[in-house]
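Colleague: predicted model and sequence below, questions to follow.
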Amino acid sequence: MSGTSPGTAVIETRALSKVYRDFWGRQKVRALKALDLEVYQGEIFGLLGPNGSGKSTTIKLLLGLLFPTDGQALVFGKEATDVSKNERIGYLPEESYLYKFLNAEETLDFYGRLFDIPAEVRKERIEKLLKLVGIDRARKRQLREYSKGMTRRIGLAQALINDPELILLDEPTSGLDPIGTREMKDMILQLRDQGKTVVMCSHLLADVQDVCDRIAILHQGELKELGRVDSLLTVEDVTQVRARNLSDDCKNELRDVIQRHGGDLLEMDNPTTTLEDLFLSIVRDSEERPGRRVVGPQSTAGGDTPAPPATAN
Amino acid sequence: MVVENEVLPYLQWLWRGDGASFVDGKGALVQFAIIALTIFVLGLVGGFLVALVRQGPVRAGEITYRTLVGGFGDLFRLSFRRIAALASLAIKESLRRRVWVALVVFAMILLFASWYLGVNNREPARLYLSFVTAATSYLMLLLSLVLAAFSLPTDIKNKTLYTVTTKPVRSGDIVLGRILGFTVLGTALLAIMAAASWFFVNGALAHTHTVDTRSLEAIRGADGETIGKEGETSRDAFHTHPFSVDAEGYGFTDQVSEHSHALTADGDAIVVGPAEGYLRARVPLRGKISFLNPQGVPVAKGISVGNEWSYRSFIQGSTQAAAVWTFDGVNESTLMEYEDGSKYLPVAAIVRVYRSYKGIIEQAIQGSIQLRNPETGVKSTLRVFPAKDFAIDSFEFANEQTDTDQNDITILDDLVTEDGRIEVIIQCLDRGQYFGFAQADCFIRLPEGSPLWNFVKGFLSIWMQMVIVIAVAVMMSTFLSGPIAMVTAITFIVLGFFRTFFLQIALGESYGGGPVESLVRLVTQMNVMSPFERTPSVDAMKAIDGVLKGAMRAVSNVLPDFSTYLDRVRYVAEGFSIPTDAVLHDLTVSLAYVVGMAIVGYFCLRTREVAKS
Ligand SMILES: Nc1ncnc2c1ncn2[C@@H]1O[C@H](COP(=O)(O)OP(=O)(O)O)[C@@H](O)[C@H]1O
Ligand SMILES: [Mg+2]
């Protein structure tokens, strides 16, 4: 579909700056200061930064929703304000700005009609996307009845309606539960596997770490760090060893060996799993065996239904 | 009071207006081009200045250039598919906001009307028609204003427009989609209201009578045999009709309250049919008016009697003063045919009676009407008639006439000139009383059009008014917030209704001077005629007025003349067919507004930073 091949820059910004002004043209906020970025075909690029650091501003500039105060934003080699680039772009806004009076199906149909897609393809794609984002069963309900997570999902479906080559996601996991977050991350990885370029911004470090190939860290509108996630996070002078079924003797021996070689033992203990892993395993378990899960005696919050005798541990 | 403004033939209006040729620049096309060019230049300069203040000269130049080039480029990349999608979105939005409540309101209005508007009126059709058209017109104005003014600002406020503008949507698609969507919706609502109105008016006017048998009397011929009957109908809907029938019992009642009933025999009884002739679509052939003074000498105007509308002139009774209409293009086909094949010239006149003394108030003032050949001077005999003030009098002049010397003549051979001209002369016969006439007050009746079709044309006028309002409100909502867009649009519309007055002030033709001067006069309770003494502050006042008047003149150029649409609807209420030229003229103007507003709205929305709100 496109003329871009892996390795070519899909997005290029040159000294991109944005100053928000009030009605009279007086300066209010310098939201972005001379940003230079390149995003390449086929990668997942993360914009990381605290709230108000200019992530959304960057994305809106790339979409032409805002006009740069200075500098240039090029998407597919064209000015970001050029509407025709939108044919190849999908955008998930920070909050899903969708029409609350439409239902899921109507929403996708409406956005689909804004593209030059044949009607059959559009219908097919709507079916596929409704299933992909998992709101198939709520397809006839108006969006005003949707929960935050469901709105995010339909928002993503809407962004994918034109089978875009470049997808811009503003806080894709905000408002999602851990399962939703996991699914969202999996979908993002899947999109990359299909050869699409993804730009996402987030202040959730774990999300960015899990999916992004490269990241840029913004702070107060300034670019602070830029590079591959794996190389940025590799701690060059630390070695990690993980082993199962070590005896105490073996552990002591290891300590000695490290000491003998002049190494510095930082820690050696039993790892804890993450809460995310625990939560996910509980939910999966519960999906396999529906019913009340047996937990410790302290959690008899149910009141009227007496908890069965504790057998845990 | 019939229609006063002359409607120019469509192509003439478009091409040269009331000027002699295209070059005079009075044609609508030229006017439109001038306005479009002015707005274009103003927009360009204004946009550049704003950018200059905000971004400095280099960037301002670049922005202006890019807006211009890119803007006109994108103007041709509109897509009907996207416009249709956005239009159906606008419709869905309105439906989910329960616009159909307007129909409920309309039904309630009709319901109340049927209780409060009795038929105790000399012109019930006019009453009902003006009522339904006014109700529909104002309801639709309000509805389209609210829908159109708030839609886009709500989208911007809810940021739903962000998502839309990240699709390959041009600003023009958004503006046109809105205009189209609300127009389609408004059309559907208006069609329902029109149908309801039609049935309501017909239902409200429908009535019949029975024959009041006590009033029946036989009409006897010369030989004493019964040749028919005469009598009165029962009193229904506040009136009775006198009538006469032939020996078999067939005939028509007299006209009362602008309608009559057919009478048919059913055995011995006479049956009264439904009311006929309430709804009319008269097609007048209009003439040029001139006056004769009391000595019978042609003058441009008659006597102008005090407080009357200045356009209407008066002729004095029992003198040689007369109002003379000269009609053009009268030929055999102008004449109508009776059932027996003989022909007649149907003339209608509306006489405004001005009594200089009261006289016997029940007794009508007598007038006379006659036909004259403007070349040979041959006149038909005087026909005397009682003048009904303000109602349409119909005269049927049979083709066979006698002239003032008792010679047998015919209208076609002796009263109409070779080139198809004929004169109608009306005089007032009562001494000391006056008749008042305007040019439109006398006309030859051409075959009538269909009342239903005329009714549709009337609603088409309301529709065009609605379309203009939608276009204006959508345009304003591209750069103003909802409530402000609505208030501005309302101002625009109100000024449109009073455009003539507005223009008078702007041109300095109204008494009391310009806006500031009239304000000063108002506050100091100063007479509108008395002049000011020359002081520096008075000079300053006049100077400010000069500037304001200039601005008003400029604004009046783009103001839609909404009084035109009121006028068109009045045609329907008064039973006149809306001329096709007028419909074409109005359609063209509406189209010009839609195109103009869409383009202005497109540029406003395009240069707006959507995400910065
Ligand atoms: N429309 C606006 N008007 C004025 N200031 C804004 C506007 N949008 C964002 N800002 C400011 O710009 C800065 C960057 O905002 P944003 O890009 O939304 O941050 P984030 O990284 O959280 O997405 C913040 O200081 C914010 O207050
Ligand atoms: Mg943000």
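Modeller: Noted; the coordinates are in hand. Ligands and ions are numbered 1, 2, ... in the order given.
Colleague: dump the residue contacts of residue A:117.
Modeller: Shown in contact with residue A:117 (Cβ atoms under 8 Å, 6 or more residues apart in numbering or on different chains): A:125, A:162. (Glycine included, C-beta is placed from N, CA and C.)
Colleague: how near is it to ligand 2?
Modeller: For residue A:117, the distance to ligand 2 (Cβ to the ion, to the nearest Å) stands at 30 Å.
Colleague: so where does that residue fall, helix or strand?
Modeller: Per DSSP states H and E, residue A:117 falls between elements, in no helix or strand.
Colleague: before we move on, what about the one 4 residues further on?
Modeller: Using DSSP H and E, residue A:121 sits within helix A:119-132.
Colleague: just the CA atoms of that helix, as CSV, please.
Modeller: Output of helix A:119-132 as CSV, limited to C-alpha atoms (Å, rounded to 0.1, in the frame of the first residue of the first chain):
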residue,chain,number,x,y,z
ALA,A,119,-18.9,-0.8,1.6
GLU,A,120,-18.3,-4.6,1.8
VAL,A,121,-14.8,-4.1,3.1
ARG,A,122,-16.0,-1.6,5.6
LYS,A,123,-18.7,-4.0,6.9
GLU,A,124,-16.2,-6.9,7.1
ARG,A,125,-13.7,-4.7,9.0
ILE,A,126,-16.3,-3.5,11.5
GLU,A,127,-17.1,-7.1,12.3
LYS,A,128,-13.5,-8.0,12.7
LEU,A,129,-12.7,-5.0,14.9
LEU,A,130,-15.6,-5.4,17.1
LYS,A,131,-14.4,-8.9,17.9
LEU,A,132,-10.7,-7.9,18.1
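Colleague: shaky segments in the stretch 201-313 of chain A?
Modeller: Filtered on pLDDT under 70, the stretch 201-313 of chain A yields the residue ranges A:291-313.
Colleague: helices along that one, start to end?
Modeller: A:205-211, A:229-233, A:248-260, A:275-288 (DSSP state H, counting those that start in this stretch).
Colleague: nearest to residue B:501, of the ones you listed?
Modeller: Shortest distance between residue B:501 and the helices of the stretch 201-313 of chain A, using Cβ to Cβ, is found for helix A:205-211: 66.0 Å.
Colleague: how about the contacts made by the residue of chain B found nearest ligand 2?
Modeller: Nearest residue of chain B to ligand 2: residue B:611, at 11.4 Å (Cβ to the ion). Counting by Cβ under 8 Å, 6+ apart, residue B:611 makes contact with A:60, A:65, A:66, B:159, B:162.
Colleague: of those, keep whichever come out buried.
Modeller: Among the contacts of residue B:611, the ones that count as buried by 16 or more other Cβ atoms under 10 Å in any protein chain shown are A:60, A:65, A:66, B:159, B:162.
Colleague: can you tell me how far the fourth one sits from residue A:161?
Modeller: Residue B:159 sits 19 Å away from residue A:161, taking Cβ to Cβ, to the nearest Å as the criterion.
Colleague: the second one too?
Modeller: Residue A:65 sits 18 Å away from residue A:161 when distances are taken as Cβ to Cβ.
Colleague: also the last one?
Modeller: Going from residue B:162 to residue A:161 by Cβ to Cβ gives 16 Å.
Colleague: which residue sits closest to residue 265, ignoring its sequence neighbours?
Modeller: I'll assume chain A. residue A:258 (5.1 Å; Cβ to Cβ, 6 or more residues apart in numbering or on different chains).
Colleague: ah, I was thinking of chain B
Modeller: According to Cβ to Cβ, 6+ apart, the nearest residue to residue B:265 is residue B:249 (2.9 Å).
Colleague: thought the one you found was touching residue B:243?
Modeller: No - between residue B:249 and residue B:243 there is no contact under Cβ atoms under 8 Å: 10.8 Å.
Colleague: what sits in contact with each of these two?
Modeller: What both residue B:249 and residue B:243 touch, as defined by Cβ under 8 Å, 6+ apart, is the set residue B:263.
Colleague: so what's residue 252 up against?
Modeller: Using chain A here. Counting by Cβ under 8 Å, 6+ apart, residue A:252 has no contacts.
Colleague: ah, I was thinking of chain B
Modeller: B:243, B:260, B:261, B:262, B:263.
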